[in-house]
Structures are given as structure tokens and as C-alpha cells.
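Peer 1: test case, fold it:
(one chain, ligands or ions: 1)
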Amino acid sequence: MDENNKQRKPIIYYYAVVMLILCLLNLFMLPQMRQAQIVETSYDTFIAEINEDKIEEVEVKSNQILFQKKGDETVYRTGIMNDPGLTDRLLEHKIKFSSAIIEETSPWISLLVSWLFPILLATFLLRLLLSRGGMGSGGASPFNLGKSNARVYKGSEQEIRFKDVAGEDEAKENLQEIVTYLHDPSRYKNIGATMPKGILLVGPPGTGKTMLAKAVAGESNVPFFSISGSEFVEMFVGMGASKVRDLFKNAKEKAPCIVFIDEIDAIGGKRNTGALSGANDEREQTLNQLLTEMDGFEGNNGVVILAATNRPESLDPALLRPGRFDRRVPVELPDLQGREEILRVHAKRIKTEKNIDYNVIARMASGASGAELANIVNEAALRAVRENRKAVTQKDLEESIEVVFAGYQKKNAILTDAEKLRVSYHEVGHALVAALQTDSAPVQKITIIPRTSGALGYTMQVEEGNHYLYTKEELENRIATLTGGRAAEEVKFGTISTGASNDIEQATKVARAMITMYGMSDDFDMTAMATVSSRYLGGDATLACSDKTAAAIDARVIRLVRQQHAKAKELLEEHRDDLDRISRYLYEKETITGEEFMNILKKADEDTVPAETAD
Ligand code: ADP
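Peer 2: Residues are numbered from 1 along each chain as shown. Got it, this is the predicted structure:
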């Protein structure tokens, strides 16, 4: 895509302009400066000096007499007197009559020099300061207040196409209609169909909403205006509204085109219904203007508005009604296949070894967004460079997943032996409980190398395929696995540590969701006890029930976690040998793969089976 914005001029350009202005000023000021050297003299001195033959030349003007002495550059001035004999006296002493002792500056030039230039110079310098300094950033300088600062892209060689957006097939299919429309609006007009005026792309951050909007512009080969909702919010009330007006005016001139408003929730949030809405006046006016503009143009005039948000529930209902953003295109986190495709798209830009299994990487990166996957590929490339390799390997990609999710390895975190042993037991506790239950995701890797995220170790479980539904048993097993770390510490050391804080948080979240949202408790049946806000931003649930029920829910959450914790402890006690052996092994090796883990576990079973039968 070709950015059509005015490029920032190099600083040398500004220096050149300032220098030019200074030179011009100098040029015009010279005569004035010469005038500054004029020395006032009395008329009698002037006469005396004529008589003494000291004067070289004289210029008689209507209001003054200027003269220069012999061998002296200075210009002297004296007033006009009623002296009819002056000319004779000058002739008598052979003094030259001159008309150019000093050059007159025209009144226009004087005006220019004394007024216009300083004003121009000051304006220029102010503008320079504002555009370079903080005030100018974001386009909020007084020179473009009320002007939309949308970036305009026009089709070019590097434009984004649908094929660059991996996965997201439903979204692409949905948007394909817009492309067809922009190619040939008359087909729609002829049949009397109106295109939706606005399309809202909703989904978690980094799933490719901006990319999709750009791809629509790329496919349709039309200009693309891109602006973020927060850029409308100005320092003065009313300016945001004026920016909206300006944006739509420009868009209409360039139609057919696409206007993309990112983070539309910044201006499109629900309006205040209360009387005291002063603080939000600016945002409301901006939103009202947007609504007016959307109502004002015909559906078929060739301007398509795309907007993106990850908080659709916070949008003002007026924005979502038919005739405005009436079509909603979900852009969800990619599934396994989508993740694999995204990895492949980004891997094309780097040099990789031939035998990379993207499916494994995609499975490991469960829950990752497109942006995170792009980051994983880049991290892998950086790692390859760090390690002086010419191409990215499978290992680079696997390691970079850990970097993106857990941070870099902490080289200088030195654990005591006792701590290291505890972390080994903790991690093996998770892995063992997961492996001993059915319906748990297989263990991919266990490590006790501390990470910059604060984790002292972790167990990576990887789902086999896509998982859209979870049964009650699977969720219970998940809680048991999460409590497995603490349970292992109890079984081995008889004491507990702070290492389980993250497990506790997650286990509670799962247990609470089971009871309040998934209807998985006998007592509450299928009653919703909580509402989820910001589903795409982590989905915080707020309880929607009486205080008494809330207390009852808490009791059930505790009971559920306690049951699973007890189950995990029991499992580990039963398999105490496995726990000890694998923990020791992990303690020595620091990182083991899921395969190694399963081998040790199976081998132990094979060893014990004949022993038992022998007994
Ligand atoms: P959003 O607007 O949803 O927050 P973006 O469109 O800005 O996300 O995506 C950020 C980056 O993530 C993109 O520049 C791209 O590199 C990568 N990305 C996200 N989704 C995809 C996808 N489906 N295919 C390829 N790359 C993607």
C-alpha cells in the first residue's frame, strides 16, 4: 500500500528556509543599517565646515541636508534653514552636489521589513515547533484542528489482498460482497439493492481486523481512509465533530472508497443518559456527527465504512441500528488450521529449513492470535540470527512460542537446590495428574528454567485438534491438573509454597465459570448467575445474583476445587514412585519433552507389572 500522507521533511529543509529568510532580511535591512550610521550635526557646524573646506559632497533634500566630509565614510545630517545663500556657498567651495549619499528604501519595503517579515518568520518558527513537538503529534496542532487526520492509502504494488489474510474464511466471504459491490455498484443499483453502509468487524485484538479492511480496499482497488476512533477526540469541544465532517467530505470526493475507523468504541461508546453529561460532550458530539453523516449519504454512493472494535457490547445502540453499522462480521481467534495457515503466510517472509512441521507449532500455540503468531515467526528469525544460523529451524519456532507466552529464559535467576527440587515436583505434579486422567490434553513439555514472566517452570499441554466444547468431566480434570502442582508439594514435602498462585487463580476461574455460566452445578441448574463483559478482552464475569446466592456460589466453588485437589493428591500418592522418579529426572535435565515423560511413565508401568504378577 502506498501511503499518500505528506512525508515529514528532513530537518535540513527547515534550516535552509530559515537561512533564506535571514539572508533576505539582511539584504533589505542593509540600507536601514547604513542609515543607522548617520550622525546628527547642528547647522552652524555644517556652515563652519563648509567654510573650512572640510566637506566633500552634499545632498539637499526637502526636509534635511545630508553630507559627507573628506576622507570620512560617515554620513552627517542637519536640518533645513532658510538660507538662500547656501547654494552659492557650496559652489564657491567646490562641493559636490549628490543625490545618492544614501539609498532611499521604498515605504513598501520598509513595511515589508518591519512588519511582514517578522510575522512570517514567527509563524513559520511556531509551526515548526508545533509540528516537531508533542502538540503536533496526533494532528492536534492548532493548524489542523478540525481537519481529519485520516491516513489515505491508494492502491499500489504492495497492497494487502485477501490471500495475505490467512484463515478467517467466513469474514473474507462476508467482505467479498463489498468488493464485488465496489467493482460494479451499478449491478446493485439496477436491482434496487442497497449495500450496508457500515460494517463492524468485531473480535479480539490482533486477529487481523485492520488487515481485512485493508484487504477489502486492496481487492477493490479503491482509496482507503484509515483513522482510529481515539484520533477524533480533540482538545477542544466540537473539533472531533468537525473532523468527522471533514473525513466524510474527503471520502465523498474520492468515492468509491473505504473509510476504516479502528477502535470505534473510543467515540461510539454508549451515550450518557443522565442530565450531567458535561465531561463527555466532546465524544457525544463526535458520535452524533458520525451518525448524522452516516444518515446523510446514500447507501449506493460508493463510500463503504468499515469499523473495528473489540468491545462491541459497549457501543451505542444508535450506531448499530439498520442504516448504520448494520452488518457485523466476527473476526475470531484462529482455529488450529487457521493458526497453521497464518504461520505459513508469515514464514514465507523469512528463510526457513525445509522440514518444518507447522502443525506442531500451531498446536503448541493454542489460543494465539494472528498478531501473536506473526510475532512468534519473527522471534524465531531473531533467534536464528542470534545463533548464527542461516535459516530458521523447528526448534527456533518452538522456543519462540515460549518466549512469546512466557518470556525469555532468565539466565541470572539462581534457584537454590531445594527450590529447584520443589519446582520439579510441582511441575511433574501437574503433568502426572494430567496424564493419569482421561480427557486431558497430552503433555508437550515440562521445564524448570525460570522465565522473565516470573514463572519458575511450566508444563505445556497441547490439545490434539480443535476443541469447541468441554464436558463437565474435562473441566473438572482441568481443575485437578491445576491443583496437581500444589498436591505434589504436599505429597513430597508435607509443606506448601507460594508457587501455586497462578494455578489457584486459574482453577478458581474455571470452577466459578462452571457454576455461574455453564450451569454445571446441581443446585442452580441452568440459571445464569454471571454476565460476561468484554468477551474479547479476557471476558471478566460479574456476578448477577443476590448476596445470598453469591455466598452459596462461593461455597460451591470452594467445594469443587477442594474435591479436585483431593483427587489430584490421591492420584499422586498412588503413583508416588512415578512422581519421585520423573521429578528427579526433570531436576537433572531441567527440560523434558512430553515424549520423554510418557516413556518414563510407561516404562515404569511395564517394570512394575511383571513384578506384581511375580508376586
Ligand atoms: P487487529 O486490527 O484485529 O487488532 P491487525 O489487523 O492489526 O489486528 O493485525 C496485526 C498483525 O497481525 C498484522 O499486521 C499481521 O501481521 C498479523 N495478523 C493478524 N491476523 C492475521 C491473519 N489472519 N493472517 C495473517 N496475518 C495476521
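
Peer 1: how far off centre is the helix or strand harbouring residue 247?
Peer 2: If you go by DSSP states H and E, residue 247 is part of helix 239-254. How far helix 239-254 lies from its chain's middle: 23 Å, per C-alpha atoms, centre = their mean, to the nearest Å.

Peer 1: repeat for stretch 522-534
Peer 2: 34 Å.

Peer 1: got the CA positions of it in PDB?
Peer 2: What follows is stretch 522-534, C-alpha atoms only, in PDB (Å, rounded to 0.1, in the frame of the first residue of the first chain):
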ATOM      1  CA  ASP A 522     -26.900 -29.400  40.600                       C
ATOM      2  CA  ASP A 523     -28.300 -26.700  42.800                       C
ATOM      3  CA  PHE A 524     -28.500 -23.800  40.300                       C
ATOM      4  CA  ASP A 525     -29.400 -25.900  37.300                       C
ATOM      5  CA  MET A 526     -29.400 -23.800  34.100                       C
ATOM      6  CA  THR A 527     -29.600 -20.400  35.700                       C
ATOM      7  CA  ALA A 528     -27.100 -17.700  34.600                       C
ATOM      8  CA  MET A 529     -25.500 -16.200  37.700                       C
ATOM      9  CA  ALA A 530     -23.000 -14.000  36.000                       C
ATOM     10  CA  THR A 531     -22.700 -11.800  32.900                       C
ATOM     11  CA  VAL A 532     -19.600 -11.500  30.900                       C
ATOM     12  CA  SER A 533     -18.300  -8.100  29.800                       C
ATOM     13  CA  SER A 534     -15.600  -7.500  27.200                       C
END
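
Peer 1: just to revisit the earlier point, for the helix holding residue 247, packing partners?
Peer 2: Contacts defined by 3 or more C-beta pairs under 8 Å, 6 or more residues apart in numbering; DSSP states H and E place helix 239-254 against strand 224-228, helix 229-232, strand 257-262, helix 281-296, strand 303-309. Yep, even glycine has a C-beta here, placed from its N, CA and C like the rest.

Peer 1: for the closest residue to the ligand within the stretch 201-350 of the chain, which non-adjacent residue is closest in space?
Peer 2: Residue nearest to the ligand within the stretch 201-350 of the chain: residue 208 (2.8 Å; C-beta to the nearest ligand atom). Spatially, and ignoring its direct neighbours in sequence, residue 208 is nearest to residue 370 (4.6 Å; C-beta to C-beta, 6 or more residues apart in numbering).

Peer 1: gap between the one you found and the ligand?
Peer 2: As judged by C-beta to the nearest ligand atom, to the nearest Å, residue 370 and the ligand stand 2 Å apart.

Peer 1: against residue 341, how distant is that residue?
Peer 2: Taking C-beta to C-beta, to the nearest Å as the measure, residue 370 falls 10 Å from residue 341.

Peer 1: residue 56 now?
Peer 2: Relative to residue 341, residue 56 is positioned 94 Å away (C-beta to C-beta).

Peer 1: between those two, which is the more surrounded one?
Peer 2: Counted by other C-beta atoms under 10 Å, residue 56 and residue 341 do not tie: residue 341 has more neighbours, with 21 against 14.

Peer 1: ok, the residue of the stretch 401-550 of the chain at minimum distance from the ligand - how many residues close by?
Peer 2: Relative to the ligand, the nearest point of the stretch 401-550 of the chain is residue 536 (9.7 Å; C-beta to the nearest ligand atom). By other C-beta under 10 Å, the residues close to residue 536 number 19.

Peer 1: before we move on, what about residue 322?
Peer 2: Neighbours of residue 322 using other C-beta under 10 Å come to 9.

Peer 1: quick one: classify it as helix, strand or coil.
Peer 2: Of the three states, residue 322 takes coil according to DSSP: H, G, I helix; E, B strand; the rest coil.

Peer 1: out of everything not next to it in sequence, what's closest to residue 409?
Peer 2: Using C-beta to C-beta, 6+ apart, the closest residue to residue 409 is residue 449 (5.2 Å).

Peer 1: contacting residues for that neighbour?
Peer 2: The contact partners of residue 449, by C-beta atoms under 8 Å, 6 or more residues apart in numbering, come to 409-410, 457, 590-591.

Peer 1: could you identify the helix or strand that succeeds the lengthiest helix in the chain?
Peer 2: Using DSSP state H, we find that the single longest helix of the chain is helix 547-574. Counting by DSSP H and E, the next helix or strand C-terminal to helix 547-574 is helix 576-589.

Peer 1: and that next one, what does it pack against?
Peer 2: Counting by 3+ C-beta pairs under 8 Å, 6+ apart, helix 576-589 packs on helix 417-436, helix 472-493, helix 594-614.

Peer 1: with mean neighbour count added, can I get those helices in CSV?
Peer 2: Formatted as CSV, these follow (neighbours: other C-beta atoms under 10 Å):
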stretch, mean neighbour count
helix 417-436, 24
helix 472-493, 22
helix 594-614, 13
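
Peer 1: could I get these as a markdown table with distance to the ligand?
Peer 2: Listed next are the helices and strands packed on helix 576-589 as a markdown table, based on distance: least, C-beta to the nearest ligand atom, whole Å:
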| stretch | distance to the ligand |
| --- | --- |
| helix 417-436 | 30 |
| helix 472-493 | 28 |
| helix 594-614 | 28 |
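
Peer 1: mean pLDDT for these - can I get that in CSV?
Peer 2: Shown next, in CSV, are those (pLDDT from 0 to 100):
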stretch, mean pLDDT
helix 417-436, 92
helix 472-493, 94
helix 594-614, 67
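
Peer 1: just send those back as a markdown table, with distance to residue 574 too.
Peer 2: Below are these laid out as a markdown table (distance: least, C-beta to C-beta, whole Å):
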| stretch | distance to residue 574 |
| --- | --- |
| helix 417-436 | 8 |
| helix 472-493 | 10 |
| helix 594-614 | 12 |
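
Peer 1: where does the stretch 251-400 of the chain have low pLDDT?
Peer 2: Counting by pLDDT under 70, the ranges of the stretch 251-400 of the chain that qualify are 272-280, 298-300.

Peer 1: mutual contacts of residue 370 and residue 341, please.
Peer 2: Joint contacts of residue 370 and residue 341 (C-beta under 8 Å, 6+ apart) are 166-167, 334.

Peer 1: and the residues you listed near the ligand, which?
Peer 2: Among these, the residues lying close to the ligand (C-beta under 6 Å from any ligand atom) are 166-167.

Peer 1: just the shared contacts of residue 370 and residue 341 now: which is nearest residue 559?
Peer 2: For these, the residue nearest residue 559 by C-beta to C-beta is residue 334; the value is 36.7 Å.

Peer 1: what secondary structure does the residue nearest to residue 409 sit in?
Peer 2: Under three-state DSSP, the three-state class of residue 449 is coil.

Peer 1: wouldn't residue 59 be in contact with residue 66 here?
Peer 2: Yes. Shown here, residue 59 and residue 66 form a contact pair, counting by C-beta atoms under 8 Å, at 4.5 Å.

Peer 1: quick check: neighbours shared by these two?
Peer 2: residue 101.

Peer 1: what residues does the protein put near the ligand?
Peer 2: 165-168, 205-211, 308, 342, 345, 370-371, 374.
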